[in-house]
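Novice: Turn this into a structure:
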Amino acid sequence: MRAAMLLMISALSLVLMLGCGSRELTRSKAKELVTEKLKKEPPVPGRTAFAVSVGKLAGGKATNLQQVLADKSQNARFWKSLADSGMIKVDWLGIEPINENGASGKSAFVDVSLTPAGSALKVTEAGGYVVIKACERIIQDVTGISSTGNASAATIEYTWQYGNLTPFVKAIREIYGSTLCDATTQKGHASFRRFNDGWRIEEYDQLRNYGHAKGISDFKPDRH
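Specialist: Below is the predicted model:
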């Protein structure tokens, strides 16, 4: 009888200990929840997504596709880089007359389209542009936690960086000198509230500081 009583007391103590432990927001739990939130974050114009021109595009004075892709212009290097990485397909359309700034001439034209691998990174499209995922925000560390007296709410400070860069953003960084998705460590904050099933994020500062895309123009970088 005494042994059974001791066993019940031990079990009850364990339940109470586990219950008390779940009431505190730990750094590891906070990091886990922020990581989940950032993975579901919609694309942020000019930060984690940007627009790329597709369809019929001018290819300069080339006379065939090989010459287009061998050209040293930024556009040609961009196309070749993405074609080599399997993100886009570039097809030769031919040479057509053009009228530019009142002067007549001829230009090569190509058709640029996404491959299945490139399409997997597409966010949306409109008007000759496709919006492409550039990178993700990745939490590095939870650097501080503050909570209210009853421990039902908490605020954390954390550091994050851009990571998981796609071939598209790697190409515009290398070829156009873009700073999109740079590796600078940045700070973020998140608010949590404890419910009967555990902690949940109520708000995180990136939603307040960075507006979300409403139209295709929000995604266009300086040039591309």
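
Novice: Just to check, Ala151 is in contact with Arg194?
Specialist: Yes: judged on C-beta atoms under 8 Å, Ala151 makes contact with Arg194 at a distance of 7.1 Å. The way it works is simple: take the backbone N, C-alpha and C, and place the C-beta from them, glycine included.

Novice: what residues do these two have in common as contacts?
Specialist: Residues touching both Ala151 and Arg194 (C-beta atoms under 8 Å, 6 or more residues apart in numbering) are Arg23.

Novice: Between the two, which has more neighbouring residues?
Specialist: Per other C-beta atoms under 10 Å, whichever of Ala151 and Arg194 has more neighbours is Arg194, with 19 against 12.

Novice: Local confidence estimate at the more buried one?
Specialist: Each residue has a pLDDT score; the one for Arg194 is 92.

Novice: Show me what the nearest residue to Gly128 once chain neighbours are set aside bridges to in the sheet.
Specialist: Once flanking residues are discounted, Gly128 sits nearest to Gly55: 5.1 Å by C-beta to C-beta, 6 or more residues apart in numbering. For Gly55, the beta-bridge partners are Val112 (DSSP bridges).

Novice: Contact partners for Gly55?
Specialist: The neighbours of Gly55, taking C-beta under 8 Å, 6+ apart as the test, are Asp111, Val112, Ser113, Gly128.

Novice: In JSON lines, list those residues along with distance to Val44, pLDDT and neighbour count.
Specialist: Written out in JSON lines, the entries for the contacts of Gly55 read as follows (distance: C-beta to C-beta, whole Å; pLDDT from 0 to 100; neighbours: other C-beta atoms under 10 Å):
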{"residue": "Asp111", "distance to Val44": "30", "pLDDT": "97", "neighbour count": "13"}
{"residue": "Val112", "distance to Val44": "25", "pLDDT": "97", "neighbour count": "22"}
{"residue": "Ser113", "distance to Val44": "26", "pLDDT": "97", "neighbour count": "13"}
{"residue": "Gly128", "distance to Val44": "22", "pLDDT": "88", "neighbour count": "14"}
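
Novice: And the residue nearest to Gly128, how far from Gly118?
Specialist: Computed with C-beta to C-beta, to the nearest Å, the distance linking Gly55 and Gly118 is 14 Å.

Novice: can you list the domain ranges for this protein.
Specialist: The record's domain split for the chain, according to automatic domain parsing, is 27-44+135-211, 51-131.

Novice: And the ones you listed, which one averages the lowest pLDDT?
Specialist: By mean pLDDT, the lowest-scoring of the domains of the chain turns out to be domain 27-44+135-211, with a mean of 88.

Novice: now the strands for the protein?
Specialist: Under the criterion DSSP state E, the chain contains strands at 49-53, 55-58, 88-100, 103-114, 122-126, 129-133, 136-147, 153-163, 186-195, 198-204.

Novice: And these: which comes nearest Ser28?
Specialist: strand 136-147 (8.1 Å; C-beta to C-beta).

Novice: angle of that closest one against strand 153-163?
Specialist: For strand 136-147 and strand 153-163, the angle between their directions (axes from the mean of the first three to the mean of the last three C-alpha atoms, to 10 degrees) works out to 160 degrees.
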